[in-house]
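**Student:** just need the structure, nothing else, for what follows:
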Amino acid sequence: MKKIILILTAIACFANVLSAQESKNQLPTVTLKTMDGKNFNTNEIQNDGKPIIICFWATWCKPCVKELNAMNEYYADWKEETGVKVVAISLDDSRSSGRVQPVVNAQGWEYDILLDQNGDFKRAMNVANPPHTFILDGTGKVVWQHSSYADGGEQEYIKVVRQILKGEPIEE
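**Tutor:** I've put the predicted structure just below:
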């Protein structure tokens, strides 16, 4: 009887560990704002089973703008090839969020832009500083992340997206 209880306890512990790991990889549920001021819940970030790239950025962050501009050069081709969706999360607070729309318009970005004015999503995702990029698989699980940006880094993003689509393992 003791062995049965011990085995059941071990199974329950293992199941809890797997469940915690699974929820760790899912996006936290946080309410953000859209560019037109409407509430947007992060559980609505979806792409019909295709990968998603989430970029945390700010108007005052030069590497962030550089990263999003570099990705923008390839975005139409990436979407056509892989169906990937890019969501750019602005970390500008209420004082600087008025600069987001002019920057987006000036750069011609076609991404979904969301505002995290209070930094709630940033904290929930453990983002220290922008730029910070996450890649989600088709089920919405975070499978890869990277902070900072160097020229050519966007090529790593599409490489990961292609690996996801092929079912290949992702290395961080």
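**Student:** quick check: closest non-adjacent residue to residue 47.
**Tutor:** Distances taken as CB to CB, 6 or more residues apart in numbering place residue 85 nearest to residue 47, at 4.2 Å, with adjacent residues excluded. (Each C-beta comes from the backbone N, C-alpha and C, glycine too.)
**Student:** shouldn't that neighbour be in contact with residue 55?
**Tutor:** No - with contact defined as CB atoms under 8 Å, residue 85 does not count as touching residue 55 (11.4 Å).
**Student:** residues near residue 149, how many?
**Tutor:** A count of nearby residues for residue 149, using other CB atoms under 10 Å, gives 24.
**Student:** can you show me the strands along this protein?
**Tutor:** With DSSP state E, the ranges of strands along the chain come out as 31-34, 39-41, 52-57, 85-90, 112-115, 132-136, 142-147.
**Student:** quick one: those strands as TSV, columns for mean pLDDT and distance to residue 171 too.
**Tutor:** Formatted as TSV, the strands of the chain follow (pLDDT from 0 to 100; distance: least, CB to CB, whole Å):
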stretch	mean pLDDT	distance to residue 171
strand 31-34	96	30
strand 39-41	96	31
strand 52-57	98	17
strand 85-90	98	22
strand 112-115	96	27
strand 132-136	97	12
strand 142-147	96	8
